[in-house]
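>>> Fold the following and give me the result.
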Amino acid sequence: LSLPSAFNIIVNGDIVLPILKLKRAYHLWIYSIPKEIGITREGIIRVGLLTMRVANSVTITFLLLRTTPFEELIKALRSLKISSVFLTILMLAYRYVLLFAKVVEDFYLAKKARFLGRSEKYIIENWLGSRIHFLFRKTIFFSEEVASAMRARQSNIEKSSKETDHKEHTNMCGILLKLENISYFYNEDIPALLDINLEINNEDCFAIIGANGSGKSTLLKVMAGLIFPSSGRLLFCGEAITEKSLLNPSFLRRFRSSVGIVFQDPDVQLFSATVFDELIYGPLQIGLSKEEAFSRAEEVMEMLGIKALRDRPPYMLSGGEKKRVAIGSILTMNPKILLLDEPTSGLDPKTQYFLKELILFLNLEVKKTIVIATHDLDLIDELRAKVAVIGENHRIEKIGRADEILSDDDLLLKVNLIHPTLRNNTVKI
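Okay, here's the model as predicted:
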């Protein structure tokens, strides 16, 4: 990148290596292109200095990362009063460089497991081409998911706003969320949701069940105001949620502090340097003081049993630990409505049991409104939730009590939640 500095077009000086001669000199805007173009002595010195500076910076950065934990570097930069925006960008970049490296490693191991020594040129070219394309698409997907996760915890608010005013207003709502004829299409022609009508009442424990690809996750994102329906309306306490309404700082604060979403994949939700930083991100975004944000983080860590993880980087946690931290990052914002996307997916039995108990505690004792998207019929049975069943046609097939839904084998078979051999035994597949 520094090589152009060697030419007399960039750095004036005596030419030591002529490259090109023009018929005449040219003047372009603020630049002057001389009749003779070549490499100058002064330009060579400039290239050398730039190269040495870059090499020194890379070497120092490499040594720091090899000898000092990244979270310690962030703490040091924070103590120097470095901009929080710059630190957030730095944390995101570092986090997803590691994630990208892990994906590349997984690709390599998957290829190694099936590699039999054939190395024809077309095989290598096809494999490399498809992997590069997949990595690019996956990077875009993760970027979009991370942006959604950050947006779900952000609001442009005044520091003087009182959180209690927003909470009291929400608590007075009978119907917290109302979906009227909601439809959503990807790329304008691929249906994800069709004509969805739902009401989520105060202190409900509501489950949305359906097979993979039926639109459960998309529905939660619509409820969280992260994507907007192609048609229909979403109402929050009687007020429409639109791109325009969320530009109102006061309404945005009230909505974001009242509705929290936990994504199925915690990796897209955890981007801070440490667990503690992750927990205080949301409270600071909605305008709480540092003291109150720190206090909430401590309380949530105690409740979730993650105090020992306080200074650990989220990317070094186990799947169950990541899930707890992801839930904690939303609980510190103290939302009235908690949207959980496949909360028990991929977890060990002990962590699944913990999360089931936590959901019941939050709903029955703390009086949170819980909305869960899942295909785990055992979870629905234990929570005794109100249930909406979405079919593979992306429409709601039935709404009813958990016992009523789970006893309807014909319905569960129709929406592909049980296998025909399990027709008389509602065990999840």
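>>> residue boundaries of the strands in the stretch 251-400 of the chain?
Using DSSP state E, counting those that start in this stretch, the strands of the stretch 251-400 of the chain run over residues 259-262, 337-341, 369-374, 386-390, 396-401.
>>> possible to save those strands as CSV with mean neighbour count and distance to residue 87?
For every residue, glycine as well, the C-beta is placed using N, CA and C. As requested, the strands of the stretch 251-400 of the chain are exported to CSV (neighbours: other CB atoms under 10 Å; distance: least, CB to CB, whole Å):
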stretch, mean neighbour count, distance to residue 87
strand 259-262, 24, 24
strand 337-341, 24, 28
strand 369-374, 25, 33
strand 386-390, 23, 41
strand 396-401, 16, 44
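>>> wait, which of the ones you listed is closest to residue 83?
strand 259-262 (26.7 Å; CB to CB).
>>> Neighbouring strands - and their directions - for that closest one?
strand 337-341 (parallel) (DSSP bridges).
>>> the inter-axis angle of the partner strand versus strand 369-374?
10 degrees (axes from the mean of the first three to the mean of the last three CA atoms, to 10 degrees).
>>> For strand 337-341, give me every contacting residue.
176-177, 200, 216-217, 220, 223-224, 258-264, 327, 330-331, 359, 362, 368-373 (CB atoms under 8 Å, 6 or more residues apart in numbering).
>>> Export the strands of the stretch 251-400 of the chain to JSON lines and append columns for distance to residue 154 and mean pLDDT.
Shown next, in JSON lines, are the strands of the stretch 251-400 of the chain (distance: least, CB to CB, whole Å; pLDDT from 0 to 100):
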{"stretch": "strand 259-262", "distance to residue 154": "12", "mean pLDDT": "93"}
{"stretch": "strand 337-341", "distance to residue 154": "16", "mean pLDDT": "95"}
{"stretch": "strand 369-374", "distance to residue 154": "21", "mean pLDDT": "95"}
{"stretch": "strand 386-390", "distance to residue 154": "29", "mean pLDDT": "96"}
{"stretch": "strand 396-401", "distance to residue 154": "31", "mean pLDDT": "95"}
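>>> Out of these, flag the one nearest residue 204.
Nearest to residue 204 among these is strand 369-374; the distance by CB to CB comes to 5.3 Å.
>>> Skip ahead from the lowest-mean-pLDDT helix or strand in the chain and say which helix or strand is next.
Ranked by mean pLDDT, DSSP states H and E, the helix or strand of the chain with the weakest confidence is helix 163-171, at a mean of 56. Next in sequence after helix 163-171, counting helices and strands by DSSP states H and E, comes strand 175-186.
>>> Export that following strand to CSV, keeping only CA atoms.
Provided in CSV are the C-alpha atoms of strand 175-186 (Å, rounded to 0.1, in the frame of the first residue of the first chain):
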residue,chain,number,x,y,z
ILE,A,175,-52.9,-6.7,25.9
LEU,A,176,-49.2,-6.1,25.6
LEU,A,177,-48.6,-7.3,22.0
LYS,A,178,-51.3,-7.8,19.4
LEU,A,179,-50.6,-9.1,15.9
GLU,A,180,-53.2,-8.4,13.3
ASN,A,181,-53.0,-10.3,9.9
ILE,A,182,-49.2,-10.4,10.0
SER,A,183,-47.5,-11.7,6.9
TYR,A,184,-43.8,-11.7,6.1
PHE,A,185,-41.9,-12.6,3.0
TYR,A,186,-38.2,-13.0,2.4
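>>> contact partners of the helix or strand just after that strand?
The helix or strand immediately downstream of strand 175-186 is strand 190-201, counting by DSSP H and E. By CB under 8 Å, 6+ apart, the residues outside strand 190-201 that reach it are 174-186, 206, 215, 218-219, 222-223, 229, 232, 337, 369, 371, 388, 390, 393-396, 399.
>>> What residues of the helix or strand following strand 190-201 count as buried?
For strand 190-201, the succeeding helix or strand toward the C-terminus, using DSSP H and E, is strand 205-209. Buried residues in strand 205-209, counting neighbours by 16 or more other CB atoms under 10 Å, are found at 205-209.
>>> who does the next helix or strand after strand 205-209 touch, helix- and strand-wise?
Using DSSP H and E, the helix or strand that directly follows strand 205-209 along the chain is helix 216-223. The helices and strands touching helix 216-223, judged by 3 or more CB pairs under 8 Å, 6 or more residues apart in numbering; DSSP states H and E, are strand 175-186, strand 190-201, strand 205-209, strand 259-262, strand 337-341, strand 369-374.
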